[in-house]
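S.K.: give me coordinates for this.
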Amino acid sequence: MRPLQKFRSAEDEEEQKIYRTPQSLIEKPIDLSTLTRTLFFLATCFYGYLFIESLQGRWFDPRWTTDDSLQQAFMFHEVTAPGVFVNDMITDMMVNYLSPIHLWLGTAITYFTQDPMMTGHWIMLIQVGLAVGFLFAAVKQAAGFIPACASVIWLLHTRNIMQRLTAGLQRGWAPALLAAYIYFLYKQNHKAIYFLIGVSWLLHAPSALLISASYGLFLLWKFIQLETRRDFSKTFVTYLLLCPLFALLAFYGTKKPEYLGDMVTYEVAANMPEFSSVNGRFKMTPLWPRWTEISQFGFQAFNTSLTKSSELVESYTPHVAILLLVSLLAIVRRKKEKFQISEIVTFLLAILLTYEASRLFAFKLFVPQRYIQIPMAIFFIAFIPILVWRMHVNAKDIKFKRSIRGVLGLLVVGLFVYAGSGSGLTGDANFNMPRYIRGDLWNWVSATLPQDAIIAGHPAHIDGVQLFGKRQGYVTNETAHPFYDKYYQEMSRRLDISLRAHYSRDLSEIVTLLEPEGISYFIFKRKAFYPDALSKVTYFSPFDTLVKELASHPAEEYAYKKLPKEVDLERYPFLIYRDDQSAVVDIKKLQEFLSKS
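M.R.: Presented below is the predicted three-dimensional model:
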């Protein structure tokens with residue numbers, strides 16, 4: 001054994017001396033980067049747990065959804081009850097609001113859940129998982145593990161954005177698509193970006209427009225620069241050649257049947273009370289001043305309408321955020337190891353350009369605020385941690401002292417965010433619509449009334465008829481959209497009939513109004529006929545004038561008051577349901593009863 005010692009190197013001997021000397025062990029530098037990464041990972045997991053807990057147990061509870069699901073999820077009942085919404089104009093419009101991939105995915109998932117509300121919960125899980133995953137991957141690719149964890153925490157903290165994902169609506173794809181784009185851009189995976197743009201046009205058009213613009217600007221910049229032209233010229237040309245294909249996908253993903261009409265122009269909307277009145281269905285005209293709208297919706301990564309911060313913080317958050325961004329860009333750009341900021345600048349420029357386009361083509365590109373709310377939040381959440389980290393830590397030289405400065409920088413940003421939005425765990429995240437909102441009414445409707453029934457009533461009171469009751473609704477608040485002219489012309493007619501029937505003063509008048517429309521059942525809102533409720537009745541403009549006129553009579557004069565006080569099918573076969581909130585009348589049986597009287 002002894003002769004083998006001569007093969008030991010000098011380095012081996014020195015290493016043995018170090019490990020034999022306790023003092024040397026103490027003096028040896030300790031790399032704590034692994035410990036720091038572990039702490040950030042645990043913090044991310046812990047905040048994720050707090051986020052889920054803050055949803056008050058409503059996520060994956062089949063009783064809960066969000067109000068917008070009342071118009072965007074009920075069509076999935078066709079999986080379990082084929083034909084329930086056949087030949088229904090409202091269903092045709094709501095289906096055409098959905099993007100093709102969202103519709104296909106929702107249909108496929110409903111085969112397994114057998115419940116559109118649970119389908120929404122599963123889609124939400126997919127959206128949250130993709131958004132978190134791609135955001136983490138993007139920031140990690142550009143900066144590192146620690147800032148990636150910080151970005152994920154920040155995303156979960158941004159309540160105004162996370163509640164846009166509630167119940168798996170179509171708009172919830174935006175954070176995932178934008179985060180995926182940033183990741184593929186930093187990976188320089190151009191084929192993946194081509195595929196992403198195509199998918200985006202079939203999934204969420206506003207995100208597709210932003211990604212297309214950002215990527216085009218990025219490639220144009222690389223093509224203009226002499227030092228990068230050679231590397232990007234082929235990619236730039238390929239992108240230009242693919243643009244006609246993207247345009248075709250955009251047309252396919254957004255087209256509507258002719259009989260539903262065209263999207264109203266801004267000029268038309270400006271003269272519609274539904275859009276221009278403070279009491280309108282959607283107060284969208286005139287457009288907000290640019291800075292007012294941007295400051296309100298573009299900085300929700302730093303502040304939130306759900307938490308009231310100090311007036312000073314509320315007023316100066318946008319200015320501080322802009323100053324922070326500009327300062328970080330300038331510092332990082334001037335470092336010895338110059339960090340490329342073209343990905344960041346072109347993304348921001350694309351946001352501003354698409355926002356301006358949405359104002360120029362208002363309503364044709366839908367609502368301007370949609371082009372800044374989620375995109376600006378993802379912009380800050382992704383790029384601020386990247387810039388803060390790269391200001392202190394180089395890509396290849398990750399020393400503990402520098403990483404500590406990076407961590408401190410992230411904590412300073414975190415304190416700024418906390419000052420504007422608190423813990424980020426406020427409210428129910430828009431899980432605001434329970435299945436039992438009308439008591440047992442909708443369970444009774446879906447279990448008792450025939451599948452081909454058409455149900456009318458006070459439009460606000462029967463909002464859940466399609467999703468919760470699984471039956472066609474004649475017209476509801478949630479589905480009476482004024483955006484498409486021919487569709488809304490019909491919905492306006494139906495609103496007029498429904499309101500007149502609800503506040504009718506004679507039972508025969510109800511039959512006269514509803515029977516020609518093919519309406520099977522009518523649901524009265526019982527509390528609407530209390531004297532106090534009649535004196536305070538309101539509705540969105542221009543129907544507010546009609547409703548006030550209809551509700552101006554003494555409570556005893558209304559047809560509702562002439563209904564039996566309880567269900568008695570032998571004596572009064574037309575009153576088939578009654579509880580504390582609602583009374584359901586069978587129109588055909590009411591007609592037969594009146595003819596015999």
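S.K.: going forward, measure contacts and count neighbours with C-alpha atoms only.
M.R.: Fine.
S.K.: in the stretch 51-200 of the chain, which spans are strands?
M.R.: Assigned by DSSP state E, counting those that start in this stretch, the strands in the stretch 51-200 of the chain fall at 64-65.
S.K.: low-confidence ranges in it?
M.R.: Regions of the stretch 51-200 of the chain meeting the criterion pLDDT under 70 are absent.
S.K.: residue ranges of the helices in it, please?
M.R.: 69-72, 89-97, 100-113, 116-142, 145-157, 159-162, 174-187, 190-201 (DSSP state H, counting those that start in this stretch).
S.K.: quick one, which of these gets closest to residue 60.
M.R.: helix 116-142 (5.6 Å; C-alpha to C-alpha).
S.K.: I'd like the helices of the stretch 51-200 of the chain as a markdown table, with mean neighbour count appended.
M.R.: Shown next, in a markdown table, are the helices of the stretch 51-200 of the chain (neighbours: other C-alpha atoms under 10 Å):
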| stretch | mean neighbour count |
| --- | --- |
| helix 69-72 | 22 |
| helix 89-97 | 19 |
| helix 100-113 | 17 |
| helix 116-142 | 23 |
| helix 145-157 | 25 |
| helix 159-162 | 24 |
| helix 174-187 | 23 |
| helix 190-201 | 20 |
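S.K.: format those helices as JSON lines; extra columns: distance to residue 414.
M.R.: Listed next are the helices of the stretch 51-200 of the chain as JSON lines, based on distance: least, C-alpha to C-alpha, whole Å:
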{"stretch": "helix 69-72", "distance to residue 414": "33"}
{"stretch": "helix 89-97", "distance to residue 414": "38"}
{"stretch": "helix 100-113", "distance to residue 414": "34"}
{"stretch": "helix 116-142", "distance to residue 414": "16"}
{"stretch": "helix 145-157", "distance to residue 414": "8"}
{"stretch": "helix 159-162", "distance to residue 414": "15"}
{"stretch": "helix 174-187", "distance to residue 414": "20"}
{"stretch": "helix 190-201", "distance to residue 414": "31"}
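S.K.: can you pull the contacts of residue 37?
M.R.: Counting by C-alpha atoms under 8 Å, 6 or more residues apart in numbering, residue 37 makes contact with 145-146.
S.K.: which secondary structure element is home to it?
M.R.: Using DSSP states H and E, residue 37 falls within helix 33-54.
S.K.: and residue 233, by the same measure?
M.R.: Assigned by DSSP H and E, residue 233 falls in helix 226-254.
S.K.: distance from that helix to the middle of the chain?
M.R.: Here the centre of helix 226-254 is set off from its chain's centre by 28 Å, with C-alpha atoms, centre = their mean, to the nearest Å.
S.K.: which residue packs closest to residue 122, ignoring adjacent ones?
M.R.: Spatial nearest neighbour of residue 122, chain neighbours left out: residue 168 (7.2 Å); criterion: C-alpha to C-alpha, 6 or more residues apart in numbering.
S.K.: correct me if wrong: that neighbour contacts residue 121.
M.R.: Yes: contact criterion C-alpha atoms under 8 Å: residue 168 and residue 121 qualify, at 6.0 Å.
S.K.: sorry, back to before: closest one to residue 329 among the helices of the stretch 51-200 of the chain?
M.R.: Comparing those by C-alpha to C-alpha, helix 116-142 comes nearest, at 14.3 Å.
S.K.: quick one, phi psi at the spatially most central residue of the chain?
M.R.: Centrality entry for the chain: nearest residue to the mean C-alpha point is residue 164, 2.8 Å, by C-alpha atoms, centre = their mean. Backbone dihedrals for residue 164, given as degrees, to the nearest 10, come out at phi -80, psi -20.
S.K.: for residue 524, same thing?
M.R.: Torsion angles, degrees, to the nearest 10, at residue 524: phi -90, psi 140.
S.K.: how near is it to residue 461?
M.R.: Residue 524 sits at a distance of 8 Å from residue 461 (criterion: C-alpha to C-alpha, to the nearest Å).
S.K.: try residue 139
M.R.: The gap separating residue 139 from residue 461 is 46 Å, by C-alpha to C-alpha.
S.K.: do residue 199 as well
M.R.: Applying C-alpha to C-alpha, the value for residue 199 to residue 461 is 38 Å.
S.K.: and residue 203, what does it touch?
M.R.: With contact set as C-alpha under 8 Å, 6+ apart, residue 203 has these partners: 99-102, 170, 173, 253.
S.K.: between these, which is nearest residue 313?
M.R.: residue 173 (30.5 Å).
S.K.: tell me how many other residues crowd that closest one.
M.R.: Counted by other C-alpha atoms under 10 Å, the residues lying close to residue 173 total 24.
S.K.: quick one, what contacts it?
M.R.: The contact partners of residue 173, taken as C-alpha under 8 Å, 6+ apart, are 127, 165, 203-204.
S.K.: tabulate the residues you listed (CSV), appending distance to residue 494.
M.R.: Formatted as CSV, these follow (distance: C-alpha to C-alpha, whole Å):
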residue, distance to residue 494
127, 36
165, 32
203, 31
204, 30
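S.K.: so which of those residues comes closest to residue 151?
M.R.: Using C-alpha to C-alpha, the contacts of residue 173 come closest to residue 151 at residue 127, 16.4 Å.
S.K.: excluding its backbone neighbours, what's nearest that closest one?
M.R.: Here the residue nearest residue 127, using C-alpha to C-alpha, 6+ apart, is residue 173, at 5.9 Å.
S.K.: re earlier: which element is encountered next along the chain beyond the helix holding residue 233?
M.R.: The C-terminal neighbour of helix 226-254 among helices and strands, as given by DSSP H and E, is helix 266-269.
S.K.: by mean pLDDT, point me to the weakest helix or strand of the protein.
M.R.: Lowest on mean pLDDT, DSSP states H and E among the helices and strands of the chain sits helix 22-27, with a mean of 42.
S.K.: next one, pLDDT for the nearest residue to residue 405 once chain neighbours are set aside please.
M.R.: In this structure, residue 405 finds its nearest non-sequential neighbour in residue 392, 6.4 Å apart by C-alpha to C-alpha, 6+ apart. For residue 392, the pLDDT comes out at 81.
S.K.: the nearest residue to residue 305 once chain neighbours are set aside and residue 136, how far apart?
M.R.: Using C-alpha to C-alpha, 6+ apart and skipping residues adjacent in sequence, the residue nearest residue 305 is residue 160, 7.7 Å away. Residue 160 sits 20 Å away from residue 136, going by C-alpha to C-alpha.
S.K.: same thing with residue 571?
M.R.: Distance of residue 571 to residue 136, computed by C-alpha to C-alpha: 67 Å.
S.K.: check residue 382 too.
M.R.: Distance, residue 382 to residue 136, using C-alpha to C-alpha: 9 Å.
S.K.: repeat for residue 381
M.R.: 11 Å.
S.K.: which neighbours do those two share?
M.R.: residue 151.
S.K.: returning to what we had before: which pair of the contacts of residue 173 spans the longest distance?
M.R.: Taking C-alpha to C-alpha as the measure, these span a maximum distance of 14.0 Å, between 165 and 203.
S.K.: from memory residue 575 sits against residue 568, does it?
M.R.: Yes: the criterion here is C-alpha under 8 Å, and residue 575 meets it with residue 568 at 7.4 Å.
S.K.: first vs last residue of stretch 86-102, how far apart are they?
M.R.: Taking C-alpha to C-alpha, stretch 86-102 runs 20 Å from one end to the other.
S.K.: what's in contact with it?
M.R.: Contact with stretch 86-102 is made by 71-72, 75, 85, 103, 170, 202-204, 253-256, 260, 472, 475, 479, 487, as judged by C-alpha under 8 Å, 6+ apart.
S.K.: just give me how far it sits from the chain centre.
M.R.: Here stretch 86-102 is found 18 Å from its chain centre; the criterion is C-alpha atoms, centre = their mean.
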